[in-house]
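Enquirer: Model the structure of this input:
(chains A and B)
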Amino acid sequence: MNIRRFILLLTASTFLTGVSHAADPIKVGLSGPFTGGSSSMGVSMRDGVKLAVDEINKAGGVLGRPIQLVERDDEAKNEVGVQVAQELINKEQVVATLGFINTGVSLASQRFYQEAEIPVFNNVSTGSVITKQFLPPDHKNNYIFRNGANDTIQSAMIVEEAIGRQGFKKPAILSDSTNYGQLGRADIETALAAKGVKPVAVEKFNVKDTDMTAQILRAKEAGADVILTYAIGPELAQIANGMAKLGWKVPLIGSWTLSMASYIDTAGVNGEGALMPQTFIQVPNTPKRASFISAYQKMFNVDRMPSPVSAAQGYDSVYLLVAAIKQAGSTKGPKIREALENLNEKVEGVVTIYDKPFSPTDHEAISGNIPVFGIVKGGKVIPAHPEDIAGDKAVRIKPKA
Amino acid sequence: MQNFFQALVSGAAVGMIYAVIAFGYQLTFATSKTLNFGQGEALMLGGLVGLTVSSYTGYWIMLPIVMAFGLLQGSVVELLGVRQAIKIKSEAGWIMATIALGIIFLNLAENIWGRDDLKFPSPLSEQPLSFKGVNILPMEVLVVIGAVLLMIAVEVFNRKSIYGKAVVATSNDRDAAGLMGINTSAIITFSYALSSMAAAFAGVLVAPVTLTGATMGSALGLKAFAVAIIGGLSSGMGVIVGGLLLGVIETMTGLYFSTGYKDVPGLILLLLVLSFKPSGLFGKSTIKKV
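Expert: Numbering: from 1, shown residues only, chains lettered A, B, ... in the order given. As a prediction, this is how the structure comes out:
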């Protein structure tokens, strides 16, 4: 009797969940630093994601179900990122996770998704190794995807701009002592070597260093005609301010972090003219970009996006994921991964038009031809070479493999 | 040669920042033989409170307000963290208590001012002054002058005023001072208040040169501690020489050796001082009776 009732209940409950499942929202995880030093990037990324999810839900969702975001602050700390990953996978049972600003957090968290066979979209982290941790044939399938410009692409662009386009001969490299700075410095040195150029000075500093006199004097002493940087906002501002103090000015060309609000605002006039690779600049030069910028400004009530690159890449990552879920007709991790690796639909994003962006062996949606250089002018980032994005070059598409 | 003098000047400016924070360590050590390990956080709170206040009053009127805030904050640290430990003659209780209070202040600041570094508007021109090709920011000159003035003011106070003499008496022999009718525990509270005031003052001095944020004090507090050890915890001259020494050595190592090893020689100096002259370069060696 008791057992029979139990079985009845069990069947009933299975039936009930089965029914409610169809109207259930699809849970998507969102992990990023929404407080702390990287928060301007994290918050912009989150807002880009929210905007896209809002648009999709208004248009009826995907597979007839709305998308529900599960946001968690990883505080840019590796150990918090790991906790967030475990919570999203085991407790919230998300179908995929978007986010990560910091390479360290990506590397620490993503192996849990890989083990659980849940796709992860790195929409901002730049470390070159991120998408290569679980490559076949060592691993059966790779669940790590990215739609941002990695450090290999950025460092090659920095060197091409400084040596190739602007014709500087004696670069000095200034980088911070973190993983980000030192991996980036190694990438820049490799890219310089490919051009047969040796940096005249390679200098290091710690995060929170307040006096850059020694580093700048060494670069000056070595006769540097350009400074290439790999560091984050506050210390980059100290470099710009330090050069102004010493009355020595050469151009600053560096990774995309030169577009951080903490660099632009704290360096002020001293920071003008810095050049950095950008996948997106807040310029409405296509209808898609114009509608994205005005929708973002309206929804979050801002004029200048804190980090336009993060916002645009966050926005695009949602549309890529949704296209894959639609094609897979399922929310199962392996199915979504398969769909991503062979995406039939052309996805029109803010950064580019994604035409088969991924393959089983290539999980990078952004190729070296997509980013362009931005320049700091009047307290914001504008295109450094307007001709690069003029006319039919406005949308730059990844070449077919 | 021009670079040499430039590094010398920049190193000296950084060194004076270390010195004024190290001076705060000395003040409490003199009276109570304890240190406030939250000195870096006291500096940070000074900087952030100064940033908020100066947006209403301007830079110069803000200075006394921030110093008053420092006095208050230091008293709180002593009353909550140190007094109990001294009362029960705990050897290490005050270490944990001051570190814990430091962390609490850090979290408090993160919640009030956020975790981003903020720009502190400079009260002086941001155009460098140039002497024969050696450049220095007007604000850096102000840091040096301000630090020296503060130290002189505290010294004059200690030597000339009756309250200052009570502080000196407590430093020399706490028990004897107590027997002479000096309220030594109030003197110790006062020394903590003075110490945090020095740190808060240092905070608003350096903020326009560095950046202002919840974590601005952590690295500076540690460097200043090294300076206090190198110079000696009982010598006012010691912290100035120690600070200048560390600041200049750092910049010179960066310039002539390698920027990657900038911090190493200063720490080697610290180790050497600890092994050969543990009371510091200028410290009086004390014999501890047990």
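
Enquirer: Do you have the helices of the stretch 151-300 of chain A handy? List them.
Expert: A:151-159, A:179-194, A:213-221, A:233-245, A:261-267, A:287-300 (DSSP state H, counting those that start in this stretch).

Enquirer: A:Tyr234 reaches A:Gly37, doesn't it?
Expert: Just so we're on the same page, residue A:234 is Pro rather than Tyr. Yes. At 7.4 Å, A:Pro234 counts as touching A:Gly37 under the criterion of CB atoms under 8 Å. Quick note: C-beta positions are derived from backbone N, CA and C, even for glycine.

Enquirer: quick one: which of those two has more around it?
Expert: Remark: of A:Pro234 and A:Gly37, A:Pro234 carries more neighbours, 25 against 22, as counted by other CB atoms under 10 Å in any protein chain shown.

Enquirer: list the contacts for that one?
Expert: A:Pro234 makes contacts with A:Gly37, A:Val207, A:Lys208, A:Ser262, A:Tyr263, A:Thr266, B:Asp117, B:Leu211, B:Gly213, as judged by CB atoms under 8 Å, 6 or more residues apart in numbering or on different chains.

Enquirer: Can you get me a residue count around the fourth one?
Expert: Taking other CB under 10 Å as the neighbour definition, A:Ser262 ends up with a count of 25.

Enquirer: And the pLDDT at it?
Expert: Looking at A:Ser262, its pLDDT reads 84.

Enquirer: So it versus B:Met67, what's the distance?
Expert: Per CB to CB, to the nearest Å, A:Ser262 is found 29 Å from B:Met67.

Enquirer: residues in contact with the residue in chain B that chain A sits nearest to?
Expert: Nearest residue of chain B to chain A, counting by CB to the nearest CB: B:Gly254, 2.7 Å away. Neighbour list for B:Gly254: A:Thr213, A:Ala214, A:Gln215, A:Arg218, B:Ala7, B:Lys262 [criterion: CB under 8 Å, 6+ apart].

Enquirer: And the first one, how close does it get to B:Ala199?
Expert: Which is A:Thr213. Distance, A:Thr213 to B:Ala199, by CB to CB: 24 Å.

Enquirer: Could you check which of those two has the larger neighbour count?
Expert: B:Ala199 (33 against 23).

Enquirer: can you give me phi and psi for the more buried one?
Expert: Main-chain dihedrals, B:Ala199, degrees, to the nearest 10: phi -70, psi -40.

Enquirer: mind listing the strands for the stretch 101-250 of chain B?
Expert: Applying DSSP state E, counting those that start in this stretch to the stretch 101-250 of chain B gives strands spanning B:129-131, B:134-136.

Enquirer: Do any residues in the helix or strand harbouring A:Ile56 lie close to chain B?
Expert: Under the criterion of DSSP states H and E, A:Ile56 resides in helix A:39-58. Yes. Applying CB under 8 Å from any CB of the partner chain, one finds helix A:39-58 in contact with chain B at A:Ser39, A:Ser40.

Enquirer: Which other helices and strands does that helix contact?
Expert: Helix A:39-58 sits against strand A:26-32, strand A:67-73, strand A:96-99, helix A:287-300, helix A:308-328, with contacts defined as 3 or more CB pairs under 8 Å, 6 or more residues apart in numbering or on different chains; DSSP states H and E.

Enquirer: mind checking how far it is from the chain centre?
Expert: Here helix A:39-58 is found 13 Å from its chain centre; the criterion is CA atoms, centre = their mean, to the nearest Å.

Enquirer: for chain A, where's the lowest mean pLDDT among helices and strands?
Expert: Ranking every helix and strand in chain A by mean pLDDT, DSSP states H and E puts helix A:2-23 at the bottom, with a mean of 56.

Enquirer: three-state assignment of the residue of chain B closest to chain A?
Expert: helix (DSSP: H, G, I helix; E, B strand; the rest coil).

Enquirer: picking up where we left off before, so can I have TSV of the helices of the stretch 151-300 of chain A showing distance to A:Gln110?
Expert: TSV is the format used below for those (distance: least, CB to CB, whole Å):
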stretch	distance to A:Gln110
helix A:151-159	17
helix A:179-194	15
helix A:213-221	34
helix A:233-245	25
helix A:261-267	26
helix A:287-300	27
